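*Asks:* Structure here, sequence nowhere to be found:
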């Protein structure tokens, strides 16, 4: 399948008349491709040649996250609907894996091209369902083609992975997908819910009303998940939103030191710390209490002490 | 191109903002102001600038690229770049 996708890519790339058209193609690929897809494109481009703009794109991929091309993490992708894709780690039984339910943001990404995100997850550990919402819509009011509200979306996802007994389930969302990920964790009784740069619903907005309606579903959940709110430590809008989520649902704040913008992952990836951060957020036990300090270099800033503030529910 | 240039730029700003409405203040600034806004104030990431340029090209046929944006400081320079290439007042 990666080879087929690579041939399709080269055909489409050669049809692009301008660099912007090629950029459009790359943007769409970055929303859904696996690392294996990108590696196959790179291999075919080397053997058959490609437009100059494709070469530039592949060089940028190679410099940003070399392993995507040299040692791609293996995932088998299955389309669940126009707005949902299932990525499975092959050759590993579900009982040995965890399921990540990922809510992308407005750009239908997880703050990064998807291949970089998949590559940065702990190897052979995760199956992932990636949800994408059409622009201008809100997860809390459902996803076209999947369900008319968040609980129905979760039920449909559950049916899609029925029969697979994962050892744990985690929800994860960035930007506009951050708070829905938290609510999803509460509704489905996931083990953990993580918001990265999540946005708090404006008072009186349709989203705020949906939140109230979802709380009944939350009350039925058997397991109370660990909740974590990640944001750039020096980006006040996201810090404020995280504080509101914490106030509403408890959990812990996770400010990422040295990040001054909404996009948390780009500087962390640039500092080659994304695998470590994702492992901390998704895989490893959270510290039981107190302040945890770890020196890290993010975005070229000199190492600073990084604190994950833990506020008990 | 039938769309007024300021509307072209406003559409591009919205595209760069992931399709999110720029809000009344920025909208008025683009449509009726001096366009003296700095590009940094738009706070787009690299994806946002690609979407901005794609939107400009779709509306005008002019191949504005992120590499051109890198040499600009203010939104007015985008308008000047387009005026130099388009037959518009």
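*Replies:* Received the coordinates, thanks. Quantities reported herein were computed from a predicted structural model and do not represent experimental measurements.
*Asks:* residue ranges with poor pLDDT in chain B?
*Replies:* Scanning chain B for pLDDT under 70 picks out B:1, B:88-89.
*Asks:* List the contacts of the residue nearest to residue A:188 when sequence neighbours are not counted.
*Replies:* Nearest residue to residue A:188, sequence neighbours excluded (Cβ to Cβ, 6 or more residues apart in numbering or on different chains): residue A:154, at 5.3 Å. All C-beta atoms are positioned from the backbone trio N, CA, C, and that covers glycine. Taking Cβ atoms under 8 Å, 6 or more residues apart in numbering or on different chains, we find residue A:154 in contact with A:101, A:147, A:184, A:187, A:188.
*Asks:* List the buried residues of the host helix or strand of residue A:154.
*Replies:* Following DSSP states H and E, one finds residue A:154 within helix A:150-160. Within helix A:150-160, the residues that qualify as buried are A:150, A:151, A:153, A:154, A:156, A:157, counting by 16 or more other Cβ atoms under 10 Å in any protein chain shown.
*Asks:* And stretch A:247-267, by the same measure?
*Replies:* By neighbour count with 16+ other Cβ under 10 Å, stretch A:247-267 contains the buried residues A:249, A:251-259, A:262-267.
*Asks:* what's the neighbour count on residue A:43?
*Replies:* Residue A:43 has 14 neighbouring residues, counting by other Cβ atoms under 10 Å in any protein chain shown.
*Asks:* does it really touch residue A:6, like I thought?
*Replies:* Yes. Counting by Cβ atoms under 8 Å, residue A:6 is a contact partner of residue A:43 at 7.1 Å.
*Asks:* And stretch A:11-31, what's buried?
*Replies:* A:13, A:16, A:18-27, A:29-31.
*Asks:* List, one by one, the residues from chain B near chain A.
*Replies:* With Cβ under 8 Å from any Cβ of the partner chain as the criterion, chain B meets chain A at residues B:18-20, B:43, B:45, B:47, B:50-51, B:53-54, B:57, B:63-65.
*Asks:* Out of those residues, who's the most crowded?
*Replies:* Most surrounded of these: other Cβ under 10 Å gives residue B:53, at 27 neighbours.
*Asks:* How about the residues of the stretch 151-300 of chain A by chain B?
*Replies:* So the stretch 151-300 of chain A meets chain B at A:261, A:262, A:263, A:266 (Cβ under 8 Å from any Cβ).
*Asks:* Could you measure from the second one over to residue B:5?
*Replies:* Right, the one you point to is residue A:262. For residue A:262, the distance to residue B:5 equals 29 Å [Cβ to Cβ, to the nearest Å].
*Asks:* The third one now?
*Replies:* Taking Cβ to Cβ as the measure, residue A:263 falls 30 Å from residue B:5.
*Asks:* And for the first one?
*Replies:* Here the distance between residue A:261 and residue B:5 works out to 29 Å (Cβ to Cβ).
*Asks:* Find the residue closest to residue B:52 in space, skipping its chain neighbours.
*Replies:* residue B:16 is the one closest to residue B:52 (Cβ to Cβ, 6+ apart), at 3.6 Å.
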